[in-house]
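1. structure for this input, please:
(one chain, ligands or ions: 1)
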Amino acid sequence: MTPIRLGVNVDHVATLRNARGGSHPDPLAAARLALANGADSITIHLREDRRHIRDADCHAMREALTAPINLEMAATAEMQAIATALRPHACCLVPERRAELTTEGGLDAAGQAEALAPVVAALNGAGIRVSLFLDPDLRQLEAAARLGARAVELHTGTFCEAAPGVARNRELARLVAAARQVASLGMECHAGHGLDYDTAPLLAAVPEVVELNIGHFLMGQALFEGLPAAVAQMRRVMEEARR
Ligand code: PXP
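-> I've put the predicted structure just below:
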């Protein structure tokens, strides 16, 4: 099986830092620690309102890290300009609503194809790997392929929130079918949102899924066991499930 990659999202470190307006805790320091303990890449979401990660964080990470950076962003002209100047390894296009607590639901790639097409083309042209954050819905996956996305990140929020048992298994089956579809359309399949030690292994066991992006659970868990231990444990449960 293709190895599974772990992307660690450090947005919440910036949220904590911003709560006091100073420079501690530093998301770059957290990124370094995550990379030293089993992360393959670092994910940051530069939101329109800059509620956590700021422009300066993006530049600092780009300068200091050699590991791949995955920049999550809305498909706006402002973000396109920032991404093409920054040139991260990857960009994940996500829907963004100001009032939301976190990214709620996938992008409407089918309905918004006209608006997304120039952004995907510009990022592709800059040599940035583009992924679209989508619900496991065939119509959306086909739209991503038509748009020229190199990857799809499946939204795992509904799956993670479903009660273990019948409801969760039903959501897992949808994700597995979608992962196969993504691969058969010639794109890489990633997954993320709400994953923890119980749910991440279920996705890591799906051969078509090659990358998981995880933030909230790891940062919460870091309060109790420390970030190095939390990242290392996540890596361990993913690898075990992959075998
Ligand atoms: N992937 C995407 C596209 C996201 O928007 C998020 C949340 O920022 C994540 C992964 C990580 O989700 P969580 O913080 O719940 O692990």
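
2. checking my notes, Ala60 in a helix, right?
-> Yes: according to DSSP: H, G, I helix; E, B strand; the rest coil, Ala60 belongs to a helix.

3. from the centroid of the protein, which residue is nearest?
-> Centroid-nearest residue in the chain: Asn213, 4.2 Å away (criterion: Cα atoms, centre = their mean).

4. need the three-state assignment for that one.
-> strand.

5. so it sits right up against Gly7, yeah?
-> Yes: the criterion here is Cβ atoms under 8 Å, and Asn213 meets it with Gly7 at 4.0 Å. For the C-beta atoms, the positions are set from N, CA and C on the backbone; glycine is no exception.

6. which neighbours do the two have in common?
-> Residues touching both Asn213 and Gly7 (Cβ atoms under 8 Å, 6 or more residues apart in numbering) are Thr43, Asn70, His190, Gly192.

7. of those, which are in range of the ligand?
-> The residues of the shared contacts of Asn213 and Gly7 that also fall near the ligand, by Cβ under 6 Å from any ligand atom, are Gly192.

8. and of the shared contacts of Asn213 and Gly7, the nearest to Gly148?
-> When the shared contacts of Asn213 and Gly7 are compared for distance to Gly148 (Cβ to Cβ), His190 wins out at 16.5 Å.

9. the helix or strand hosting the closest one - what's its average pLDDT?
-> Using DSSP states H and E, His190 sits within strand 188-192. Mean pLDDT, strand 188-192: 98.

10. check which element follows that strand along the chain.
-> With DSSP H and E, the next secondary element past strand 188-192 is helix 200-204.

11. just checking, what packs against the longest helix seen in the chain?
-> Counting residues, the longest helix found in the chain (DSSP state H) is helix 166-184. Secondary-structure packing of helix 166-184 (3 or more Cβ pairs under 8 Å, 6 or more residues apart in numbering; DSSP states H and E): helix 138-147, strand 151-155, helix 157-161, strand 188-192.

12. and among these, the most buried is which?
-> When the helices and strands packed on helix 166-184 are scored by mean count of other Cβ atoms under 10 Å, the highest mean neighbour count falls to strand 151-155 (a mean of 28).

13. can you list the neighbours in contact with it?
-> Identification of contacts with strand 151-155 by Cβ under 8 Å, 6+ apart yields 90, 92, 103, 105-106, 129-136, 141, 144, 175, 178-179, 182, 187-193, 209, 211, 213.

14. go again with 6 Å.
-> 92, 106, 131-136, 144, 175, 178, 182, 187-193 (Cβ atoms under 6 Å, 6 or more residues apart in numbering).

15. do that strand and the ligand meet?
-> Yes: with Cβ under 6 Å from any ligand atom as the measure, strand 151-155 is seen reaching the ligand through Glu153.

16. residues from the protein in reach of the ligand?
-> Residues of the chain lying close to the ligand by Cβ under 6 Å from any ligand atom are 9, 11, 45, 72, 92, 94, 102-103, 133, 153, 192-195, 213-217.
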